[in-house]
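[1] Below are the sequence and a predicted model for it; my questions follow.
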Amino acid sequence: MLRNLSMRAGFCATGAIYFALGIVSARVALLGARRKEAGIPGALRFLLAQPHGHLLLGAVVAGLAAIAVVHFVEAAGGKRGRLFRLGLAVNGFGYATLAWAAARLLFHVEKGGGSFRKAGLSWLLGESWGPAVLGFVGLVIAGGGVWEAWQGVRGGLPFRKDLLPRRLVRFLSGIARFGLVARGIVLCALGYFLCRAAIEGDPARVQSMGGALRTLSRATFGPVLMGTIAFGLAAYGVYLWSLMLLKRRV
């Protein structure tokens, strides 16, 4: 029961972040709000700026921390294969990183994550084995993006169809598929930048999600492409909320 509640709280919190990320990115793409902070930091600040924003962001931190703990515990449990447990650990680290970023903003901790990330990448690329590791991570992330996009195209989402009217479930499934494709594209872009940094040995090539979106906005039909992806990221947030409500098994 506790695991189930923690997973659903995590889906709810992550969905809020992606929904906010979609709104912030759409502002940049469609309204030209260039001074708005993009990416996950911009999404977190958007949540904080809402009525009762401190309570909202605090709930997001709690939900992310809960799902991170569940992933770490299951990764250490040894009940599944090593590769699966490695994936759980990586997911747990991702949720914990999001929780830490939200907590820093909530408690007004001074910035410094960007310089720490650059220093870590510089150290990694300075090692003989570093570029190979970074390139492998980039391929894994890009592969995850391809898989998510394929899941969106293929359909077959893990929703229970007996909890809501069939038309509503079908509507939510359509939104979810759109969101999966959009997030898959962004993950492919992030993986590409990591691989490029590994090949060129340049940590400046690594992009955050906000940086990847800005790069896409400079492509041909950039504002239209970024606007479409922005709505897709908001749809991915709805997909996570749908998982919270309708997933067959958590």
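    Done, it's in. Keep in mind that this is a model prediction, so the values were computed, not measured. Numbering: from 1, shown residues only.

[2] hang on, Gln50 in a strand?
    No - applying DSSP: H, G, I helix; E, B strand; the rest coil, one finds Gln50 to be coil, outside a strand.

[3] Isn't it up against Leu56?
    Yes - Gln50 lies in contact with Leu56 (CB atoms under 8 Å); the separation is 5.9 Å. Any C-beta I mention is one placed from the backbone N, CA and C, and that applies to glycine too.

[4] Neighbour count: the two, which is higher?
    Set side by side, Gln50 and Leu56 show more neighbours around Leu56, with 18 against 13, by other CB atoms under 10 Å.

[5] Just the element for the more buried one, please.
    In this assignment (DSSP states H and E), Leu56 forms part of helix 53-77.

[6] Buried ones in the next helix or strand after that helix, by neighbour count?
    Where DSSP H and E defines the elements, the next helix or strand beyond helix 53-77 is helix 82-106. For helix 82-106, burial by neighbour count (16 or more other CB atoms under 10 Å) applies to 85, 87-88, 90-92, 95-96, 98-106.

[7] What count of nearby residues applies to Arg218?
    Neighbour count for Arg218, taken as other CB under 10 Å: 10.

[8] Could you check how far it is from Ala212?
    11 Å (CB to CB, to the nearest Å).

[9] how about the strands in this structure?
    Using DSSP state E, the chain contains no strands.

[10] so where's it shaky on pLDDT?
    31-38, 78, 110-117, 219-222, 248-250 (pLDDT under 70).

[11] can I see the domain layout of it?
    1-111, 124-242 (automatic domain parsing).

[12] Tabulate those domains in a markdown table, adding columns for distance to Lys118.
    Formatted as a markdown table, the domains of the chain follow (distance: least, CB to CB, whole Å):
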| stretch | distance to Lys118 |
| --- | --- |
| domain 1-111 | 13 |
| domain 124-242 | 6 |
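
[13] Okay, helices next: where are they in the protein?
    Ranges of helices in the chain, per DSSP state H, are 2-31, 39-48, 53-77, 82-106, 113-126, 130-154, 166-200, 209-217, 222-246.

[14] Now list whatever residues contact both of Arg218 and Ala212.
    With contacts defined as CB atoms under 8 Å, 6 or more residues apart in numbering, no residue is shared by Arg218 and Ala212.

[15] on that earlier part again, Arg160 is nearest to which of the helices of the chain?
    With distances scored as CB to CB, the stretch of these nearest to Arg160 is helix 222-246 (5.1 Å).

[16] Need the helices of the chain in CSV (columns: distance to Arg160).
    Conversion of these to CSV gives the following (distance: least, CB to CB, whole Å):
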stretch, distance to Arg160
helix 2-31, 13
helix 39-48, 28
helix 53-77, 20
helix 82-106, 23
helix 113-126, 39
helix 130-154, 17
helix 166-200, 8
helix 209-217, 30
helix 222-246, 5
